[in-house]
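1. Got a sequence here, can you build the structure:
(2 chains)
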Amino acid sequence: MSRGRLGGGLVAALLLLATPALASEPTALRAAELKDMVIQDCGSCHGMTMKGGLGLPLTRDRLAEIPAEALSAAILDGRPGTPMPPWRGMLNEAEADWIARYLKGETDVR
Amino acid sequence: MSARWTAILAAGLLAACSSAPRPTGDLGVIVERADGRLIVVESTTNTQLGRVSGLGDLSHASVVFSRDERFAYVFGRDGGLTKVDLLERRIAKRVVQSGNSIGGAISQDGRLVAVANYEPGGVKVFDADSLDLVADIPAVGADGERSKVVGLEDSTDNVFAFSLYDSGEIWVADLKDPKAPKLTKHTGIGKQPYDALISLDGRTYLAGLFGEDGIAMLDLWNPGQGVRRVLDHYGRGQEPLPVYKMPHLEGWAAVGNHAFLPAVGRHEVLVVDMDTWKEAGRIPVAGQPVFAMLRPDGRQLWVNFALPDNGKVQVFDVPTRKLLKTLEPGKAVLHMEFTPRGERVWMSARDSDKVVVYDTATLEKVAEMPATKPSGIFFTARAHRIGL
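-> This is a model prediction of the structure:
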């Protein structure tokens, strides 16, 4: 496998240590952009209704058991061995965290 | 002429217009992905004729056409297969045939429509007229697990070829007798085939691999030779860039003996010599290519890109491989479709909520029209080409 990266668990652990308050909560304007990105760009693989595709389903039911921090880590660093790319470089940690909470239904934006 | 006669004549003309046969050779559809809707368009004077809604989740929708170019078969993400009447602009038939699908194909004789499914993984084949199920082919790989199916393409003689994403296989389904499909399975073709294309003669099936650098090639005229690996290790061991959008292989970008393929995770289009199946060069491009498409005459190569370069489209002169122009047609350019003879190209700019039309000789914009989050654009001329 030529596309190997750091193990997800290690990355998640590092991220848990690094996450607190590095960047501030996205503004309402940025949140709207992020929501659009989730539906349109994430939706290309995960489905616009998040029921999955080449990527896993990201419905609230499916994500209920997964902590927001782990989701945020997967967003920022990708999932090795799958087409899920690392979005670090496109998103900062607060933004990834916002998306994780949005997917879990824990933000104000619906 | 009296006013009365003028009025009668005008009324007669109107009646004649409304009942005049509407040809379909210049028709097409634009997918409005977020709204489960199609815009029916015509490409002679670049106008929208109407909309058809109720098609479900079209986040990765693709379309094939009936051989009379009247009906569009729309493959939706949610497993919906919808037959749309372009003339009456309504849904003629619709079935939800799986939980999750990715695309499809129509047989050479136009009688069978096949759908590639992710969930449950496999291919289902339908009667093109009634959308009744004709054949069900579960994609259980050599590992015993059900696999997602990608890259479903039609060849000649009612043969379909497709790839199993999870188990890394290429299957060929001969549906000359639709009730008894004959399957030939090629296993171990490489990691994670993600999409495929077939040559316009229906002979060569190429599956792009995501899990490793290379392309899996099957000669359908000589299937006994098995799957060959071409462009092996084109990345030369370099770490690829994050792939924010999978490249698409649909459409055959080949002219003379050269084919043009988007590289995965690199800012390059790969050129392959189809006689030797060796690399014949690389074209550096502005970002990670998604579509690398030739104008129908093969003289120009048009390339669009994944994030963060998805506002650009680059046009290359094929004989010299030189960049002619970098266009900025709008935000998030998802798809390009040439008119049948290629004098114009239509491009969807998703985040600008518009479709733009460029003249391919001047490389200037000649028209634009509003569309809500447009993605794929498909013209009926595809009906008469193998593999589209």
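
2. where along chain A do the helices fall?
-> A:8-18, A:28-37, A:43-46, A:60-63, A:68-77, A:93-103 (DSSP state H).

3. so can I have JSON lines of these showing mean neighbour count and mean pLDDT?
-> Every residue, glycine included, has its C-beta placed from N, CA and C. What follows is these, written out as JSON lines (neighbours: other C-beta atoms under 10 Å in any protein chain shown; pLDDT from 0 to 100):
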{"stretch": "helix A:8-18", "mean neighbour count": "14", "mean pLDDT": "48"}
{"stretch": "helix A:28-37", "mean neighbour count": "14", "mean pLDDT": "93"}
{"stretch": "helix A:43-46", "mean neighbour count": "22", "mean pLDDT": "90"}
{"stretch": "helix A:60-63", "mean neighbour count": "13", "mean pLDDT": "93"}
{"stretch": "helix A:68-77", "mean neighbour count": "22", "mean pLDDT": "96"}
{"stretch": "helix A:93-103", "mean neighbour count": "22", "mean pLDDT": "96"}
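
4. residues near whichever residue of the stretch 51-200 of chain B sits closest to chain A, how many?
-> Proximity of the stretch 51-200 of chain B to chain A (C-beta to the nearest C-beta) peaks at B:Ser59, 3.8 Å away. Each residue near B:Ser59 was counted by other C-beta atoms under 10 Å in any protein chain shown, and the total is 27.

5. Grab the nearest non-local neighbour of it.
-> In space, and not counting its chain neighbours, B:Ser59 is closest to A:Met48: 3.8 Å by C-beta to C-beta, 6 or more residues apart in numbering or on different chains.

6. Quick check, the one you found in contact with B:Ala61.
-> No: with contact defined as C-beta atoms under 8 Å, A:Met48 does not reach B:Ala61; the gap is 10.3 Å.

7. Can you work out which residues contact both of those two?
-> B:33, B:77 (C-beta atoms under 8 Å, 6 or more residues apart in numbering or on different chains).

8. Those two - which one has more neighbours?
-> A side-by-side neighbour count of A:Met48 and B:Ala61, using other C-beta under 10 Å, places B:Ala61 first with 27 against 22.

9. Identify the residues contacting that one.
-> Per C-beta under 8 Å, 6+ apart, neighbours of B:Ala61: B:31, B:33, B:55, B:74-77, B:375-376.

10. Quick check: the gap between the residue nearest to A:Pro26 when sequence neighbours are not counted and A:Gln40.
-> Excluding its sequence neighbours, the residue lying closest to A:Pro26 (C-beta to C-beta, 6+ apart) is A:Trp98, at 5.1 Å. From A:Trp98 across to A:Gln40, the span is 16 Å (C-beta to C-beta, to the nearest Å).

11. what about the residue in the stretch 151-300 of chain B positioned nearest to chain A, which SS state?
-> Scanning the stretch 151-300 of chain B for the residue nearest chain A gives B:Pro242, at 3.6 Å (criterion: C-beta to the nearest C-beta). With DSSP: H, G, I helix; E, B strand; the rest coil as the basis, B:Pro242 sits in coil.

12. I'd like to know how many residues surround it.
-> 20.

13. which residues does it contact?
-> Here B:Pro242 is in contact with A:78, A:85-87, A:89, B:265 (C-beta under 8 Å, 6+ apart).

14. What residues does chain B have near chain A?
-> B:33-34, B:57-60, B:77-78, B:99-100, B:102, B:118-119, B:148, B:150, B:165, B:191-192, B:194, B:210-213, B:235, B:237, B:240, B:242-246, B:265, B:307-308, B:332, B:350-351, B:373 (C-beta under 8 Å from any C-beta of the partner chain).

15. Quick one: buried ones out of those residues?
-> B:33-34, B:57-60, B:77-78, B:100, B:102, B:118-119, B:148, B:150, B:165, B:191-192, B:194, B:210-213, B:235, B:240, B:242-246, B:265, B:307, B:332, B:350-351, B:373 (16 or more other C-beta atoms under 10 Å in any protein chain shown).

16. Low-confidence stretches in the stretch 101-250 of chain B?
-> Counting by pLDDT under 70, the ranges of the stretch 101-250 of chain B that qualify are B:236-237, B:250.

17. how about the contacts of B:Pro242, which pair is most distant?
-> Maximum pairwise distance in the contacts of B:Pro242, criterion C-beta to C-beta, is 14.6 Å, between A:Trp87 and B:Gly265.

18. Run through the residues of chain A sitting next to chain B.
-> Going by C-beta under 8 Å from any C-beta, the residues of chain A near chain B are A:1-3, A:36, A:39-41, A:43-45, A:47-49, A:51-54, A:78, A:81, A:83, A:85-87, A:89-90.

19. Which of these are buried? Put it as a PyMOL command.
-> Selection of buried members from the residues of chain A next to chain B for PyMOL, criterion 16+ other C-beta under 10 Å:
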select buried, chain A and resi 3+36+39+40+41+43+44+45+47+48+49+51+52+53+54+78+83+85+86+87+90
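
20. what number of residues lie near B:Asp143?
-> That count, for B:Asp143 with other C-beta under 10 Å as the rule, works out to 13.

21. wait, doesn't it sit right on B:Gly168?
-> No: with contact defined as C-beta under 8 Å, B:Asp143 does not reach B:Gly168; the gap is 9.2 Å.

22. does B:Leu209 really touch B:Pro193, like I thought?
-> Yes: using C-beta under 8 Å, B:Leu209 is in contact with B:Pro193, at 5.7 Å.

23. higher neighbour count, these two?
-> Taking neighbours as other C-beta under 10 Å, B:Leu209 and B:Pro193 compare with B:Pro193 leading, 29 against 22.
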